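**Student:** Based on what follows, work out the 3D shape:
(4 chains)
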2 protein chains.
Amino acid sequence: MKITIKEIAEMAGVSRATVSKILNDYEDVSESTRKKVMDIIEQTGYRPTYTAHTLATKKSNLIGVIYAGKINASFNHPFFIEVVNSFKKTIGGLGYDLLFFSNEKFTKGEEDYLARCRYYQVDGCILINGDDIQSSILELEQSEIPCIGVDLQLTGENSGYIMTDNHKASAKAVEHLYLLGHRDIAYISGTPSSTIGNIRKEGYIHSLQTYGIPQREEWITYGDFYEESGYRAMQQLLQGERVPTAVFAASDQMAFGAIRAIREKGLSIPQDIAIIGCDDLDACRYVDPPLTTVRQDKARIGKLAARLLEDLINGETKVRSLMVEPELIVRGSCGENSGEE
Amino acid sequence: MKITIKEIAEMAGVSRATVSKILNDYEDVSESTRKKVMDIIEQTGYRPTYTAHTLATKKSNLIGVIYAGKINASFNHPFFIEVVNSFKKTIGGLGYDLLFFSNEKFTKGEEDYLARCRYYQVDGCILINGDDIQSSILELEQSEIPCIGVDLQLTGENSGYIMTDNHKASAKAVEHLYLLGHRDIAYISGTPSSTIGNIRKEGYIHSLQTYGIPQREEWITYGDFYEESGYRAMQQLLQGERVPTAVFAASDQMAFGAIRAIREKGLSIPQDIAIIGCDDLDACRYVDPPLTTVRQDKARIGKLAARLLEDLINGETKVRSLMVEPELIVRGSCGENSGEE
DNA sequence: CTGAAAGCGCTTACAG
DNA sequence: CTGAAAGCGCTTACAG
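**Tutor:** As a prediction, this is how the structure comes out:
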């Protein structure tokens, strides 16, 4: 049924080696032979077989996509999905297909990512950050396989990473609130162990210093980036002795939760409390009032991740990490502007 | 560097055939040999190579994921992403990894999905519906490769499909509005060429008949499932001679657009116009008022798609299509209930 | 410019 | 219970 290079060779009356050369655009083939063979390939609809090709060449044209951290948590994560979407477009244009590892398969004890990468002979990997990174990720990034981390600082010989300049994200948020007259600014962070959350926290603290605003320990609260945790963190802030007039949440989802808590307390936004999120999810436009937020440039991150990885695969780069500029999106939740951007 | 079955065999002092048998859980190997070999595999961290394995067996343990229709449009589509996420979990548990085809690669003229499936030797495919289905999809579904369509009616020898019972979705929406006293119910459909949109339209029309409500041609409008088109469709409805008191939109996103149009006109929801969407996106909970909608059971669809495909691959089924029951989620936009479900 | 032959790393009858 | 050998479908020096 399946037609192979052997059949093509026979039909064309040439050797398999010659067909292979034509398939791979070698120069040293006569035009007439090339044409004869190409015609037959055309007619038969022949396509080479991936496994045989890869087995012989060691080049798979496959990029592994790995969600690090908790099993399978984040395939549909609103931020990462956009990054991966953009990554897919760019890397696809370069001739790669994407292999999504299912975390369930090798789960006898450890998910052995390195082994699986070798098994499939992927040319490179993109690793998406998650909570609670496994040791098998370290193994992978220290290996010969080119890896790019998204929001995940990979430092191996053949790896690199890319993320938003999170320090600046906080700076922009705090600056915006400061310019609107706020001096009592609280912060809702991610999990204490989250690198991203911590960079944003440092950015927040640093910005307060910049503007000479004293820092209050009880105004730094922690969540887990999801809505419910923002709700609880905000409740905590509302119960404090002194209530802040503005809140910067390290994720939009937590901001949504915070909005709910503020409402339930009978306070209004932005009159009583201004709030600003981080990420620029779609839902920001739909909440009431529309959420002012710091946008991460998801498309750009994905595109750059693809380019970085390509360079890494081809051994063509010394650049190993990139920071992407965040952008402040002003909507109604801080009171300056109630319309769309 | 890379260790192969040959090395393992030599180290263990047995043949490659024996190692292979042990690797594949054959019965007829002595316990002592098995142990000896397993120990060495353990120590060396040996893993078989995928391409060699597949080349020899014809079984790849890879499932192709194809977004049919317009190039690359919907990887981050809010409905399908949830379906695929659930599919990934289930199929992953069955030992498969996922190969996402990038639409860019083979784009010399046609994206030849069938050829690519054979190239990678995928064991099966899941096809996600989109607009404007290509002929290469037909080729695939008529082939020897097992395929499951999501919202896409595949009828080939080795294919099947799964979707929400969309007729019932409309019935539930109309019934809900009817019970709230509405008799002037308009419908915002998807593109006229969309199967899903049309089934929902028929369901809408049929339900009106059920309740003896006369159907008005000008109250059936068309969008493209996205927000902007819902906005425009609603504007059209608002300009009509007679304005409906309730609207059923074939997607949540169009419902969001409709809400915007209603607001701009100075009307309020649900007092002046009740609105009900379809899908149950996350954002439904955040719009004001929270959107009543017909939920598609995305997790269930994904899970069933995985099971159907597995059965198809193993040649174990006569069932070729499944309808999943939709569920009405009552929120505030029709006035009965203003809280969360 | 073309082809014979060995090799990529595994599996599978088959013989013993 | 074990192994020799052929095969999966391609590529790549190498020789001519």
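**Student:** any chance you could map the strands in the stretch 151-300 of chain A?
**Tutor:** Using DSSP state E, counting those that start in this stretch, the strands of the stretch 151-300 of chain A run over A:159-164, A:185-189, A:220-222, A:246-249, A:274-279, A:292-295.
**Student:** Need the winner for burial among those.
**Tutor:** Highest mean neighbour count among those (mean count of other CB atoms under 10 Å in any protein chain shown): strand A:246-249, with a mean of 30. For the C-beta atoms, the positions are set from N, CA and C on the backbone; glycine is no exception.
**Student:** Just checking: what are the partner strands of that one?
**Tutor:** Partners of strand A:246-249 in the sheet, by DSSP bridges, are strand A:185-189 (parallel), strand A:274-279 (parallel).
**Student:** Average pLDDT for that strand, rounded please.
**Tutor:** Model confidence over strand A:246-249, given as mean pLDDT, is 96.
**Student:** ditto for stretch A:180-199
**Tutor:** Mean predicted confidence for stretch A:180-199 is 90.
**Student:** Next, residue A:125: phi, psi?
**Tutor:** Dihedral pair for residue A:125: phi -140, psi 150, per degrees, to the nearest 10.
**Student:** so what's it closest to, chain neighbours aside?
**Tutor:** Excluding its sequence neighbours, the residue lying closest to residue A:125 (CB to CB, 6 or more residues apart in numbering or on different chains) is residue A:64, at 4.1 Å.
**Student:** what's that neighbour sitting at in phi/psi?
**Tutor:** Dihedral pair for residue A:64: phi -80, psi 140, per degrees, to the nearest 10.
**Student:** Out of the strands paired with strand A:246-249, which gets nearest to DNA strand D?
**Tutor:** strand A:274-279 (43.8 Å; CB to the nearest atom of the strand).
**Student:** Go ahead and name everything in contact with that closest one.
**Tutor:** Strand A:274-279 is contacted from outside by A:78-79, A:169, A:173, A:176-177, A:180, A:182, A:200, A:245-256, A:258-259, A:262, A:269, A:284, A:291-296, A:333-335, using CB atoms under 8 Å, 6 or more residues apart in numbering or on different chains.
**Student:** Also within reach of DNA strand C: list those from those.
**Tutor:** By CB under 7 Å from any atom of the strand, no member of the contacts of strand A:274-279 lies near DNA strand C.
**Student:** Give the buried subset of those residues as a ChimeraX selection command.
**Tutor:** Buried residues among these (16 or more other CB atoms under 10 Å in any protein chain shown), as a ChimeraX selection:
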select /A:78,79,169,173,176,177,180,182,200,245,246,247,248,249,250,251,252,253,254,255,256,258,259,262,269,284,291,292,293,294,295,296,333,334,335
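**Student:** how about the residues of the stretch 51-200 of chain A near DNA strand C?
**Tutor:** A:52, A:55-56.
**Student:** what's the closest of those residues to residue B:139?
**Tutor:** residue A:52 (22.6 Å; CB to CB).
**Student:** Secondary structure element for the closest one, which one?
**Tutor:** Per DSSP states H and E: residue A:52 is located in helix A:50-57.
**Student:** Kindly present the residues of the stretch 51-200 of chain A next to DNA strand C as JSON lines, with separate columns for pLDDT, distance to residue A:213 and neighbour count.
**Tutor:** Compiled in JSON lines, those are given as follows (pLDDT from 0 to 100; distance: CB to CB, whole Å; neighbours: other CB atoms under 10 Å in any protein chain shown):
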{"residue": "A:52", "pLDDT": "86", "distance to residue A:213": "65", "neighbour count": "17"}
{"residue": "A:55", "pLDDT": "84", "distance to residue A:213": "63", "neighbour count": "19"}
{"residue": "A:56", "pLDDT": "85", "distance to residue A:213": "64", "neighbour count": "11"}
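**Student:** measure residue A:313 to residue A:24 for me?
**Tutor:** Going from residue A:313 to residue A:24 by CB to CB, to the nearest Å gives 19 Å.
**Student:** Give me the below-cutoff pLDDT ranges for the stretch 51-200 of chain A.
**Tutor:** Where the stretch 51-200 of chain A drops to pLDDT under 70, the residues are A:70-75, A:103-111, A:131-133.
**Student:** at 50 what do you get?
**Tutor:** Scanning the stretch 51-200 of chain A for pLDDT under 50 picks out A:71-72, A:105-109.
**Student:** which residues in it form helices?
**Tutor:** A:78-93, A:113-120, A:135-141, A:166-179, A:195-210 (DSSP state H, counting those that start in this stretch).
**Student:** In a markdown table: these, plus distance to DNA strand D.
**Tutor:** A markdown table is the format used below for the helices of the stretch 51-200 of chain A (distance: least, CB to the nearest atom of the strand, whole Å):
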| stretch | distance to DNA strand D |
| --- | --- |
| helix A:78-93 | 21 |
| helix A:113-120 | 16 |
| helix A:135-141 | 26 |
| helix A:166-179 | 43 |
| helix A:195-210 | 41 |
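**Student:** closest one to residue B:219 among these?
**Tutor:** helix A:78-93 (34.5 Å).
**Student:** Could you export the closest one as CSV, keeping only the C-alpha atoms?
**Tutor:** Provided in CSV are the C-alpha atoms of helix A:78-93 (Å, rounded to 0.1, in the frame of the first residue of the first chain):
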residue,chain,number,x,y,z
PRO,A,78,-4.7,31.9,29.3
PHE,A,79,-1.2,33.5,29.2
PHE,A,80,0.9,30.5,28.1
ILE,A,81,-1.6,29.4,25.5
GLU,A,82,-1.1,32.7,23.6
VAL,A,83,2.6,32.4,23.9
VAL,A,84,2.6,28.8,22.6
ASN,A,85,0.2,29.8,19.8
SER,A,86,2.6,32.5,18.6
PHE,A,87,5.5,30.2,19.1
LYS,A,88,3.8,27.5,17.0
LYS,A,89,3.2,29.9,14.2
THR,A,90,6.8,31.0,14.0
ILE,A,91,8.4,27.7,14.5
GLY,A,92,6.0,26.1,12.1
GLY,A,93,7.1,28.6,9.5
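**Student:** Give me the contact list for that helix.
**Tutor:** For helix A:78-93, the external contacting residues (CB under 8 Å, 6+ apart) are A:63, A:65, A:67, A:74-75, A:98, A:126, A:128, A:150, A:253, A:279, A:281-282, A:296, A:298-303, A:305-307, A:309-310, B:72, B:75-76, B:81, B:100, B:102-105, B:282.
**Student:** can you give me the angle it makes with strand A:159-164?
**Tutor:** Orientation check (axes from the mean of the first three to the mean of the last three CA atoms, to 10 degrees): helix A:78-93 against strand A:159-164 gives 130 degrees.
**Student:** Let me see the domain layout of chain A.
**Tutor:** Domain segmentation of chain A under automatic domain parsing yields A:5-48, A:62-163+A:299-324, A:166-296.
**Student:** and those domains as TSV, adding distance to residue B:220?
**Tutor:** Shown next, in TSV, are the domains of chain A (distance: least, CB to CB, whole Å):
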stretch	distance to residue B:220
domain A:5-48	44
domain A:62-163+A:299-324	33
domain A:166-296	26
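**Student:** List the contacts of residue A:271.
**Tutor:** residue A:335.
**Student:** Over to residue A:249?
**Tutor:** Counted by CB under 8 Å, 6+ apart, residue A:249 has contacts A:187-188, A:223, A:230, A:233, A:255, A:258, A:275-278.
**Student:** ok, 10 Å please
**Tutor:** Residues near residue A:249 by CB atoms under 10 Å, 6 or more residues apart in numbering or on different chains: A:173, A:186-190, A:200, A:221, A:223, A:225, A:229-230, A:233-234, A:255-259, A:275-279, A:291, A:293.
**Student:** again, but for residue A:231
**Tutor:** Residue A:231 makes contacts with A:223, A:254, A:256-262, A:264, as judged by CB under 10 Å, 6+ apart.
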